[in-house]
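Visitor: Pasted the sequence and its predicted model underneath.
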Amino acid sequence: MTMLAARAHQDSNSLTLEQIPIPEPRPLDVVIKVVSAGLAPGMMNLLKMGAFKHLPTTLGHEAAGIVAAVGDQVVGVTVGDRVRMHPNLNCRNCDYCRTDRDMMCAQQAMIGHAGFGGAPMPLYERYHDGALAEYVRVPHWLIDQLPANISFDVAAKVHDLANVVRILKCAQLPLGATVVATAATGTMGTATIKLAEHFGISRLLLVGRSAERLEAVTPLAGRVEVDTVALDQLPEDWETSGGLTRRLRELAPEGVHAVLDYIPTGAATSQTMAALRTGGVLAHMGGNTTPLALPPIALMINCWRFVGTRACTRSDTEHVLTLLGSGALTVDELITQRYPLANVETAVEAMVNRKEPMWMTVVNP
């Protein structure tokens, strides 16, 4: 029996739809019939960078669906269960894995996504095929049961929400903090806006490319006070003249407590960091390739911290599932695009070009 899957091949920077065999469960495996799979903005960039260590492969690290088959040594998971796949593969035994820092494990990789280290990755070798397919095979310990009130579409995006939980934890915010969020109209930005009040943030300064798109995301903040900074409304030379820093300082003269930075390139990372108050922190998850323009003495004098983090942990996803399951957090409105698996190439093109607003996108096989 075969299934439709979105595949990547060696020396290719695009996806192809193919019919491949439906995976069979090994003794410790669970096979999920995928109902919803998420699309990640950085997926194609990582493919171009060579971060996918096993090709050909099926892409897609975000998935939720119904258990279709279980291995003969699996307990606690039953055919028909509503579940999500936790994509993070790691050894589960090192210091990092035992201290809620499993994204730092030498074996850390993601199902349907990238491998990040140079060490041998035996789990990644076995489970590199991802969820942009009709079925996906997962080790049983990476299965999360879904509360009945969490839709499959929302469950497929729990990973992105959990990434925001991780960056918020890294920021170590005081109660009532004023926080800058960059790339505020994208996947991570909109998730940050929705989670802000759950982490005691009282004011958000949202930075994005377009005033129109920023206006659209502002209502997501609920009770949190919001100001916006549209890059297309700054002076044309803002990247070289410090225009973004000046605007943020106008809005928050004493400086902000933290910057949650999702910018992948350009001067915004440095300029938002320069808007921190004494002792502030910039937490970065954007993969920005532009060097920081700030001299180390600026960090020393102002006691600023730069913290990088690249993924969530299992405890972060549990935090999100608890919020969703209790009804304290609702995020259905964040999912703005849905595509059938047969149109995944169109979905990827739209995600890369971003000609229209895209907060969160899912594929439904």
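Guide: Nice, I can see it.

Visitor: For the stretch 251-365 of the chain, which segments count as strands?
Guide: 256-261, 276-284, 305-308, 335-340, 360-364 (DSSP state E, counting those that start in this stretch).

Visitor: Adding mean neighbour count and distance to residue 270 as columns, could you present those strands in a markdown table?
Guide: From N, CA and C alone the C-beta is placed, and that goes for glycine too. Converted to a markdown table, the strands of the stretch 251-365 of the chain look like this (neighbours: other C-beta atoms under 10 Å; distance: least, C-beta to C-beta, whole Å):
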| stretch | mean neighbour count | distance to residue 270 |
| --- | --- | --- |
| strand 256-261 | 26 | 10 |
| strand 276-284 | 20 | 9 |
| strand 305-308 | 16 | 10 |
| strand 335-340 | 16 | 30 |
| strand 360-364 | 23 | 28 |
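
Visitor: Helices of this structure, residue ranges please.
Guide: 43-49, 95-98, 122-126, 152-156, 158-171, 187-195, 211-217, 238-241, 243-251, 268-273, 296-302, 314-326, 344-353 (DSSP state H).

Visitor: Mind checking the strands of the stretch 251-365 of the chain for the one nearest to residue 317?
Guide: Among these, the nearest to residue 317 by C-beta to C-beta is strand 360-364 (15.7 Å).

Visitor: got the angle for the closest one vs helix 187-195?
Guide: Regarding strand 360-364 and helix 187-195, their directions subtend 110 degrees when assessed with axes from the mean of the first three to the mean of the last three C-alpha atoms, to 10 degrees.

Visitor: As CSV, could you dump the C-alpha coordinates of strand 360-364?
Guide: Taking C-alpha atoms only, strand 360-364 is exported to CSV below (Å, rounded to 0.1, in the frame of the first residue of the first chain):
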residue,chain,number,x,y,z
MET,A,360,0.1,29.9,10.7
THR,A,361,-0.4,27.5,7.8
VAL,A,362,-1.5,23.9,7.9
VAL,A,363,-1.7,21.1,5.3
ASN,A,364,-4.6,18.6,5.5
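
Visitor: residue ranges with poor pLDDT in the protein?
Guide: Residue ranges of the chain with pLDDT under 70: none are present.

Visitor: residue nearest the centroid of it?
Guide: residue 160 (3.3 Å; C-alpha atoms, centre = their mean).

Visitor: which residues does that one contact?
Guide: 38, 40, 62, 187, 188, 191, 360 (C-beta atoms under 8 Å, 6 or more residues apart in numbering).

Visitor: count of residues packed around residue 113?
Guide: Neighbourhood size, residue 113 [other C-beta atoms under 10 Å]: 28.

Visitor: Enumerate every residue touching it.
Guide: Counted by C-beta under 8 Å, 6+ apart, residue 113 has contacts 40, 43, 46, 52, 59, 60, 61, 87, 130.

Visitor: ok, the fifth one touching residue 110?
Guide: No: here residue 59 lies out of contact with residue 110, judged by C-beta atoms under 8 Å, at a distance of 10.5 Å.

Visitor: Compute the first-to-last residue distance for stretch 79-89.
Guide: 23 Å (C-alpha to C-alpha, to the nearest Å).

Visitor: Figure out how far it is from the centre of its chain.
Guide: 17 Å (C-alpha atoms, centre = their mean, to the nearest Å).

Visitor: Please identify the buried residues of it?
Guide: Within stretch 79-89, the residues that count as buried by 16 or more other C-beta atoms under 10 Å are 81, 82, 83, 84, 85, 86, 87, 88, 89.

Visitor: Beta-bridge partners for the closest residue to the third one other than its chain neighbours, please?
Guide: It stands for residue 83. Take residue 83 and drop its neighbours on the chain: the residue closest to it by C-beta to C-beta, 6 or more residues apart in numbering is residue 143, 5.0 Å away. Assessed by DSSP bridges, residue 143 has beta-bridge partners residue 85.

Visitor: what's the neighbour count on residue 143?
Guide: Quick note: residue 143 (other C-beta under 10 Å) scores 20 neighbours.

Visitor: Run through the residues that contact it.
Guide: Residues counted as contacts of residue 143 (C-beta under 8 Å, 6+ apart) are 30, 32, 67, 77, 81, 83, 84, 85, 86.

Visitor: again, only this time at 7 Å
Guide: 30, 77, 83, 85 (C-beta atoms under 7 Å, 6 or more residues apart in numbering).

Visitor: just checking, residue 131 touches residue 60?
Guide: Yes: contact criterion C-beta atoms under 7 Å: residue 131 and residue 60 qualify, at 3.9 Å.

Visitor: Which neighbours do the two have in common?
Guide: The contact lists of residue 131 and residue 60 share 37, 112, where a contact means C-beta under 7 Å, 6+ apart.

Visitor: Do I have it right that residue 265 meets residue 289?
Guide: Yes: counting by C-beta under 7 Å, residue 265 does reach residue 289; the two are 5.7 Å apart.
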